[in-house]
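K.L.:
I'll drop the sequence and a predicted model, then ask my questions.
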Amino acid sequence: MGSIWRPDLVQPIGGGTVILIIMIIVVCEMTAQSCIKQSDQQSVLFFIAIVLYATICYLLFLCYMNRGKLGQINMMWSSVSIVSGIIVGYFIFGESVSMNRMIAIALAIGAVYFAQDTD
């Protein structure tokens with residue numbers, strides 16, 4: 001029985017597409033976390049969160065197969081996720097935003113800016 005992995009099926013994607021995929025990952029993650037926050041373990045929302053996290057795994061796979069820089073992709077995902085989490089928490093769940101969280105947003109944005117490859 002052959003492997004299900006076929007490298008010829010994954011087409012190279014550009015840096016802009018990788019950034020778009022990371023944004024989709026963040027939207028999936030924020031939606032999944034919102035579903036988890038509003039559900040109990042037996043609800044449909046909990047199942048939706050599981051499906052969304054499986055989708056995140058596939059999207060990360062695409063990024064890694066085309067870009068190969070685990071640290072940079074994970075840092076971009078984490079940083080954008082921090083900013084998105086604070087924004088979603090504030091606007092959807094009514095959570096407060098302290099000065100420390102504002103500093104965290106600034107640092108996360110700075111991390112994405114300074115971690116861009118120059119090669």
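P.N.:
That came through, no problem.

K.L.:
neighbours around S39, how many?
P.N.:
15 (other Cβ atoms under 10 Å). Using the backbone N, CA and C atoms, a C-beta is placed for each residue, glycine as well.

K.L.:
Kindly report the same for L70.
P.N.:
As a burial measure, L70 scores 11 neighbours (other Cβ under 10 Å).

K.L.:
so the residue nearest to it when sequence neighbours are not counted is in which element?
P.N.:
Distances taken as Cβ to Cβ, 6 or more residues apart in numbering put Y64 closest to L70, at 6.4 Å, once the chain neighbours are dropped. Following DSSP states H and E, one finds Y64 within helix 44-67.

K.L.:
Restrict that helix to CA atoms and write it as PDB.
P.N.:
The C-alpha trace of helix 44-67 is given here as PDB (Å, rounded to 0.1, in the frame of the first residue of the first chain):
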ATOM      1  CA  VAL A  44     -22.400  20.900  18.100                       C
ATOM      2  CA  LEU A  45     -20.200  23.900  18.800                       C
ATOM      3  CA  PHE A  46     -17.600  21.700  20.400                       C
ATOM      4  CA  PHE A  47     -17.600  19.400  17.300                       C
ATOM      5  CA  ILE A  48     -17.300  22.500  15.000                       C
ATOM      6  CA  ALA A  49     -14.200  23.600  17.000                       C
ATOM      7  CA  ILE A  50     -12.600  20.100  16.500                       C
ATOM      8  CA  VAL A  51     -13.300  20.300  12.700                       C
ATOM      9  CA  LEU A  52     -11.800  23.800  12.600                       C
ATOM     10  CA  TYR A  53      -8.600  22.700  14.400                       C
ATOM     11  CA  ALA A  54      -8.300  19.800  11.900                       C
ATOM     12  CA  THR A  55      -8.600  22.400   9.200                       C
ATOM     13  CA  ILE A  56      -5.800  24.400  10.800                       C
ATOM     14  CA  CYS A  57      -3.600  21.400  10.800                       C
ATOM     15  CA  TYR A  58      -4.100  21.000   7.000                       C
ATOM     16  CA  LEU A  59      -3.500  24.700   6.400                       C
ATOM     17  CA  LEU A  60      -0.300  24.600   8.400                       C
ATOM     18  CA  PHE A  61       0.800  21.600   6.400                       C
ATOM     19  CA  LEU A  62       0.400  23.600   3.200                       C
ATOM     20  CA  CYS A  63       2.400  26.500   4.700                       C
ATOM     21  CA  TYR A  64       5.200  24.200   5.900                       C
ATOM     22  CA  MET A  65       5.400  22.200   2.600                       C
ATOM     23  CA  ASN A  66       5.700  25.400   0.600                       C
ATOM     24  CA  ARG A  67       7.700  27.700   2.900                       C
END
